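Student: what's the 3D shape of this:
(one chain, ligands or ions: 1)
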Amino acid sequence: MNTTFLQACRGEKTEYTPVWMMRQAGRYLPEYQKVRGGISFLDLCKTPDLCVEVTLQPVNRLNMDAAILFSDILIPMEAMGAGLEFNEGRGPVFHQTIRDQAGLDRLIVPDPEASMGFVMETIRLLRRELKVPLIGFAGAPFTCATYLIEGGSSKTFWETKKMMFTQPGLFHGLMEKITLCTLAYLQAQARAGAQALQIFDSWAGILAPCDFEEFALPYVQRIIAGLKDTKLPLIYFANNGATLLDLAVLSGADVLGIDWRINIREAIRRVGPRAIQGNLDPFALLLPAPELRARIKRLLDAAADAHGYIFNLGHGIHQFTPPDQAKCAVDAVHELSGR
Ligand code: 1CP
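Tutor: Numbers count the residues shown, from 1 in each chain. Model prediction:
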């Protein structure tokens, strides 16, 4: 087992800088497209053998130092009873949007083994195959709440903010229920064999710091506190979160994910004795190879003082990225950091 990624999460010295990429399994890989050609996205998520296959695809092709479970942050929302569908092109759609107390009351806090056993089965199967650590994950409650309230993706988050500001009790009630579901779900992933856990807060960046502190952060803190006895490295990624980083540090996570909108030297100063993950603009993968390498060199040099650094993108890899460019980046990280 190559444990470089886990060592970096714990702030230990590593032989070289470990690398993985958010959304590393997915549509930019022709071998993923091939699997998806025969099956819907939701059915794929519920078929452990195929989840194992697509989880391994980027690890094998690109030589990643960690694997991330193939699933989606919205799977537990379906298990809560929200009726999920993925439309080609339009993204996720929830049949029952949660906008009143009656809707909230209809949501359940599911038993993760009973309702999402396929995820735990995928983890158990992956652990038999993998020679690098396996990252389990969930969405942060705020990010999950936006999908339930909006009924899918959103640009303005009108309904979410309307509920926060006009029905704060209802909003907190929803966050409470999602938090219970998410904690139990991540604990089940840990029991099944996940070796690190990441919480994705993709939409945290739409919040003012004071609202992040009141409506989002306390729930992340509760989940992380509830996971401490797993002893696994816990990663919190608040996308578009440069202005929230000082608060994100209070989440209790061992590793803070950062996007590309912040200078990594500043991020290192602000996170204290915690590891950092990320920072390369996903679009920088389109740079010609020599410029891509030079940019990665600068990033690695700047990250030299970090208390543990895991190379990653600042958000998910874009679906039209040429896989060879991603490979070029992984190889550059390895070579330039001494592997
Ligand atoms: O058509 C397809 O094949 C589906 C595309 C796809 C894939 C490959 C979706 C739909 N989800 C996933 C997998 C996925 N999603 C993974 C595992 C793969 C990996 O990382 O290697 C993970 C960790 C996620 C997490 C996820 N799903 C997030 C958080 C990370 C982020 O990118 O911000 C979010 C917000 C989602 C929701 C989601 N899933 C899929 C779509 C189209 C969306 C909506 C995105 C939006 O609202 O903009």
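Student: Can you classify L256 by secondary structure?
Tutor: strand (DSSP: H, G, I helix; E, B strand; the rest coil).
Student: how about the strands in the stretch 1-150 of the chain?
Tutor: 67-68, 84-87, 91-94, 134-139 (DSSP state E, counting those that start in this stretch).
Student: Sheet-wise, list the partners of the shortest one with their directions.
Tutor: Yep, that's strand 67-68 we're talking about. With DSSP bridges as the test, strand 67-68 is paired with strand 134-139 (parallel).
Student: Next, the buried residues of the partner strand.
Tutor: 134-139 (16 or more other CB atoms under 10 Å). All C-beta spots, glycine's among them, are computed from the backbone N, C-alpha and C.
Student: For that strand, which outside residues touch it?
Tutor: 20, 66-69, 71, 73-74, 76, 123, 126-127, 182, 185-186, 189-190, 192-202, 223, 235 (CB atoms under 8 Å, 6 or more residues apart in numbering).
Student: Go ahead and produce CSV holding the CA coordinates of that strand.
Tutor: What follows is strand 134-139 as a C-alpha-only set of coordinates in CSV (Å, rounded to 0.1, in the frame of the first residue of the first chain):
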residue,chain,number,x,y,z
LEU,A,134,-9.4,5.2,-0.9
ILE,A,135,-11.2,8.4,-0.1
GLY,A,136,-14.9,8.3,0.8
PHE,A,137,-17.0,11.4,0.7
ALA,A,138,-20.3,13.2,1.2
GLY,A,139,-21.7,16.6,0.4
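Student: Give me the subset of the contacts of strand 134-139 lying in helices.
Tutor: 76, 123, 126-127, 182, 185-186, 189-190, 192, 223 (DSSP state H).
Student: Using TSV, please lay out the residues you listed together with neighbour count.
Tutor: Shown next, in TSV, are the ones in helices among the contacts of strand 134-139 (neighbours: other CB atoms under 10 Å):
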residue	neighbour count
P76	25
I123	25
L126	23
R127	16
T182	27
Y185	27
L186	26
Q189	28
A190	19
A192	22
I223	27
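Student: The ligand contacts on the stretch 201-339 of the chain?
Tutor: Contacts of the stretch 201-339 of the chain with the ligand, taken as CB under 6 Å from any ligand atom, map to 202, 239, 316.
Student: do that again at 8 Å, thanks
Tutor: Residues of the stretch 201-339 of the chain lying close to the ligand (CB under 8 Å from any ligand atom) are 202-203, 237, 239, 315-316, 319.
Student: what ranges do the strands span in the stretch 151-300 of the chain?
Tutor: So, for the stretch 151-300 of the chain - with DSSP E, counting those that start in this stretch - the strands run 196-201, 234-238, 255-258, 275-278.
Student: Sheet-wise, list the partners of the last one with their directions.
Tutor: Using DSSP bridges, strand 275-278 pairs in its sheet with strand 255-258 (parallel), strand 309-310 (parallel).
Student: Can you show me the helices along the stretch 101-250 of the chain?
Tutor: With helices called from DSSP state H, counting those that start in this stretch, the stretch 101-250 of the chain shows them at 101-106, 112-115, 117-129, 141-150, 158-166, 168-192, 209-211, 217-227, 245-248.
Student: how far does the shortest one sit from the chain's center?
Tutor: Its chain's C-alpha centre lies 22 Å from the corresponding centre of helix 209-211 when counted by CA atoms, centre = their mean, to the nearest Å.
Student: quick one: which of the buried residues of strand 134-139 is nearest to L217?
Tutor: G139 (14.9 Å; CB to CB).
Student: what pLDDT does the closest one get?
Tutor: G139 carries a pLDDT value of 98.
Student: likewise R339?
Tutor: So, for R339, pLDDT stands at 76.
Student: Ramachandran coordinates for the residue nearest to it when sequence neighbours are not counted?
Tutor: For R339, ignoring the flanking residues on the chain, the nearest one in space by CB to CB, 6 or more residues apart in numbering is Y16 at 3.8 Å. Main-chain dihedrals, Y16, degrees, to the nearest 10: phi -150, psi 170.
Student: Around Y16, count how many other residues there are.
Tutor: Counted by other CB atoms under 10 Å, the residues lying close to Y16 total 17.
Student: ok, it to G193 distance?
Tutor: 25 Å (CB to CB, to the nearest Å).
Student: swap in G38?
Tutor: Taken as CB to CB, the span from G38 to G193 is 28 Å.
Student: ok, those two, which is more surrounded?
Tutor: Comparing G38 with G193 by other CB under 10 Å, the one with more neighbours is G193, at 16 against 9.
Student: list the contacts for the more buried one?
Tutor: By CB under 8 Å, 6+ apart, G193 lies in contact with 123-124, 126-127, 134.
Student: Would you point out the most distant pair within those residues?
Tutor: Using CB to CB, the contacts of G193 span at most 10.2 Å, a distance reached by R124 and L134.
Student: Redo the buried residues of strand 134-139 as TSV? Include distance to the ligand.
Tutor: Below are the buried residues of strand 134-139 laid out as TSV (distance: CB to the nearest ligand atom, whole Å):
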residue	distance to the ligand
L134	12
I135	9
G136	10
F137	5
A138	9
G139	6
